[in-house]
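Peer 1: Here's my sequence, what's the structure:
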Amino acid sequence: MADVEDPSHAKDGDAAMQEPEGSETPDSSKKNRVMEERKYRDIFWLILFIAVWCGMVAIGIVGATRGEPRALLYGLDYRGNFCGTNNGLDLSSFKYRYWMNPKQLQAIQAERGTASLLDVLGDGKSICLQDCPSVNMSATASDEQQWICNYPDQYGGVNSTGFEFSNLTLQDWADRNYDYFDLLDDEQINSSFALRGPCYPLFFKTTDQFYSCQPFGDPNEELVLRFNENATALGQEEFCTPGPDCESLANSVSKLIYDGITNGFVMFTRYLADIWTAWAVLLVAGVVIPLILSILWIIIMRYSIGIFAWVILIGVNAFNIGITLFFFVKAGYIGSSPVYSGSSTGELPGDLTATGTNESVLLGFGIVAAVVTVLFLILTLLMIRRVRIAVNVIKVATQSLNQHPLLLSWPLVPFFMFIVLAAFWLAFGIYLVSSGDVEQEKLPEDGGSCVIIPEFASNPNCNPDEQCQCGYTYVFDKGLVYLIIYYFFGFLWTSQFIIAVSLFVIASTVAMFYWAGGDRSNQPKGPIRLSFKRSLTYHAGSLALGSLIVALVVFVRMLLRYMERRMKAWKTSNPASRWLICCVDCCLWLVQKFVEFTNRNAYIVVAVDGVSYIRAAFRALRIIVGNVLRVAAVNIIGDTFLLIGKVAITAFSGFVAFLMLQNSSYTQGSNQVSSPLLPVIAVLLGAFAIASIFMAVVEMAIDTIMLSYCMDCEENGGTASCAPKLLLDSLEEAEKDAAEREGKVGSQDQGFSASA
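Peer 2: Take a look at the predicted model:
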């Protein structure tokens, strides 16, 4: 598509883009080339990006209208209600799902097998309680038997004893420990001893596991004996025979419920719900803390980069030496503090004791650590001159920050853009993933898979073999899977676009500083605002194209990882396929890093010259290849310091998140999370993303100055005509030192030849 020229600018500015050859100092009378004419570039990709976002909004609306986030956390009761909700029956405080009839679960599992644990639990009769009940293990008499009864409105009306069920509220029922067995008539008592309800005996201890009541331990066998006596007297079967029979029932039901509630898909949906529950942790540890630490890190680099660089190098070497000494101490070769094996016996030979084995292992680690320490120390000595160059270049980069201090706060803009995107994506994404409907299971003859155990059929309103005896399930809408994939890719592309906008604004602002020779009077007012405007107008298409390429590579890598996990789950994986996937993923990782590197430098050329993305990428690569040693010497050192900052901020934020999730408010009660895993991972990813956005200020400033310098030299016969004085002095000093070293080496070679 043809580029569209902005009519508000002057016509051709090519002449102004060329500097006088051989000029050594900036000429403030020349117009800043970054301020030259701009055109709308790569419009097609901008239109495509907008269209993708229209689709994301539409998908989000679909999810909001059909989703049920509570389906990811709570279970369904025997009437199709979600625990912890209020849909006609107010179960807001009744969050724990309890299976009332262990014998029914055992029979259903025997019928279904172990291949469909979720279906077994779905067919079993469950109810929502305020807490998980446990049997009194010291109880021995029949009148001490606790019962868990149906919701009090199960039958309605008045039974033969004259009791009005509708007079018993849910809270009254809960206050009675869910037990109104003493209010039943003879028919209802007989039905309860037959394990058809409305009340069911409690023989096991249970505990909360992911809002499900997990039975554990052996039953109270004394109560089982009393129950069996009464059931036999009424002509009903025994619950179980105390001894191996009851132990087998306890073990099978306990394992069934545990395996069902820790199913892979259930765990995944529960982890998603954990993010929803632990939103405060994500806000504090994943947003506020990395935000504060990133700003502090940039301030430290701005004012203390010289000391900061040497402290890091000395600190890393000291850490390596300390680790090496620690291994040798624990191996028993330094001092007298060998590793303890956990065994007090001294009768075995030294080479057969755990202590001896551990010392050998630690000695090996110590030798490896010593080799790494020596190599890193040598590398540090070789890098001393390059560290000085990197420090000077970073100081020049911070000069632009001194002139434009608001650039330090610029990451707040993409930061909030990222927060809005993440909030939108998570909120509507959770609704989308949870889209579905509550349905009662169908009988096999109707195309369903419901398993009914007639002797335990508990619905008095229909025959034991009818569908109304089936349990309920939440059927997720599998037809939305492609919309979910589309929605996820839109998130990837948008997050990369936000990063691209951030990089472009930094590059454009710093480029204005460079091409003005550091002269503030030759730079526009409000350079950050002007750069941001250009990123969303003239060059939005270029940024959309660059971010699309990265998003595609990342998306394909994630698909490969997903395929690998599915192959393992299906047990179809073999060493050859795993090796192939690993190789392809490694190649794609290299492609991703190359594209990201190309994008960074392409955005700099776009900011300086205003060309399209493709032209900018090719020119940037050509310049870098021609100046590879000069660019690498600075970028490797500078990027290392910034990477340390990212890792430190990410690790600290994740540690704080883990500590917050160990608080009792998240380990018990209504805000309990099933696992700190996904919230901590979300915090780590968010903290790293935020730290990366902030570190990009200094990182992009360094890259912009170096690439602008190389462009300046290329266009002016090897001499930079616009570079700030500090940059010229530092690079000329480095080149002078290099020339002196080459001269000394040459003179030594000549002396050697003469003597020979």
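Peer 1: how far away is Gln662 from Ala651?
Peer 2: 17 Å (Cβ to Cβ, to the nearest Å). Just so you know, the C-beta spots here come from the backbone N, C-alpha and C atoms, and that holds for glycine as well.
Peer 1: Which one's more surrounded, those two?
Peer 2: Ala651 (13 against 10; other Cβ atoms under 10 Å).
Peer 1: name the element the more buried one belongs to?
Peer 2: Element membership for Ala651, per DSSP states H and E: helix 628-661.
Peer 1: so where do the strands sit in the stretch 401-550 of the chain?
Peer 2: Counting by DSSP state E, counting those that start in this stretch, the stretch 401-550 of the chain has strands at residues 436-440, 472-476.
Peer 1: Give me the sheet partners of the last one and which way each runs.
Peer 2: The strands beside strand 472-476 in its sheet (DSSP bridges) come out as strand 436-440 (antiparallel).
Peer 1: thinking again about what came up before, including distance to Ala720, could the strands of the stretch 401-550 of the chain go into a markdown table?
Peer 2: Output for the strands of the stretch 401-550 of the chain, formatted as a markdown table (distance: least, Cβ to Cβ, whole Å):
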| stretch | distance to Ala720 |
| --- | --- |
| strand 436-440 | 63 |
| strand 472-476 | 61 |
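Peer 1: looking at these, which is buried most?
Peer 2: Highest mean neighbour count of these: strand 472-476, a mean of 19 (counted as mean count of other Cβ atoms under 10 Å).
Peer 1: Can I get that strand as PDB, trimmed to CA atoms?
Peer 2: Presented in PDB, the C-alpha positions along strand 472-476 are these (Å, rounded to 0.1, in the frame of the first residue of the first chain):
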ATOM      1  CA  TYR A 472     -25.500 -32.300  37.200                       C
ATOM      2  CA  THR A 473     -22.500 -31.200  35.300                       C
ATOM      3  CA  TYR A 474     -21.200 -27.900  33.900                       C
ATOM      4  CA  VAL A 475     -20.600 -28.300  30.200                       C
ATOM      5  CA  PHE A 476     -17.900 -26.000  28.900                       C
END
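Peer 1: Lowest-scoring secondary structure element of the chain by mean pLDDT?
Peer 2: Scoring the helices and strands of the chain by mean pLDDT, DSSP states H and E places helix 14-17 at the bottom, with a mean of 34.
Peer 1: Following the chain past that one, name the next helix or strand.
Peer 2: Next helix or strand after helix 14-17 toward the C-terminus (DSSP H and E): strand 39-40.
Peer 1: what packs against that next one?
Peer 2: Judged by 3 or more Cβ pairs under 8 Å, 6 or more residues apart in numbering; DSSP states H and E, the packing partners of strand 39-40 are strand 4-5.
Peer 1: Now with 10 Å, please.
Peer 2: Under the contact definition 3 or more Cβ pairs under 10 Å, 6 or more residues apart in numbering; DSSP states H and E, strand 39-40 sits against strand 4-5, helix 540-569.
Peer 1: partner strands of it, parallel or antiparallel?
Peer 2: Sheet partners by DSSP bridges: for strand 39-40, these are strand 4-5 (antiparallel).
Peer 1: re the thing from before, closest one to Asn150 among the strands of the stretch 401-550 of the chain?
Peer 2: With Cβ to Cβ as the measure, strand 472-476 is the member of those nearest Asn150 (15.0 Å).
Peer 1: can you give me how far that closest one is from the chain middle?
Peer 2: The chain centroid and the centroid of strand 472-476 are separated by 27 Å under Cα atoms, centre = their mean, to the nearest Å.
Peer 1: cool, and stretch 294-314?
Peer 2: On Cα atoms, centre = their mean, the centre of stretch 294-314 falls 28 Å from that of its chain.
Peer 1: contacting residues around Val606?
Peer 2: 41-42, 500, 504, 507-508, 511, 534-535, 538-539, 542-543, 546, 599, 612-613, 615-617, 619-620 (Cβ atoms under 10 Å, 6 or more residues apart in numbering).
Peer 1: among those residues, which are in helices?
Peer 2: Mapping the contacts of Val606 onto helices (DSSP state H) picks out 500, 504, 507-508, 511, 534-535, 542-543, 546, 599, 613, 615-617, 619-620.
Peer 1: Those residues, buried ones only, as a PyMOL selection?
Peer 2: Buried subset of these, written as a PyMOL selection, criterion 16 or more other Cβ atoms under 10 Å:
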select buried, resi 500+504+507+508+511+534+535+542+543+546+599+613+616+617+619+620
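Peer 1: In space, what's closest to Cys83 - neighbours in sequence excluded?
Peer 2: Leaving aside its chain neighbours, Cys83 sits nearest to Cys128 (3.8 Å; criterion: Cβ to Cβ, 6 or more residues apart in numbering).
Peer 1: Check whether the one you found sits in a helix, strand or coil.
Peer 2: With DSSP: H, G, I helix; E, B strand; the rest coil as the basis, Cys128 sits in strand.
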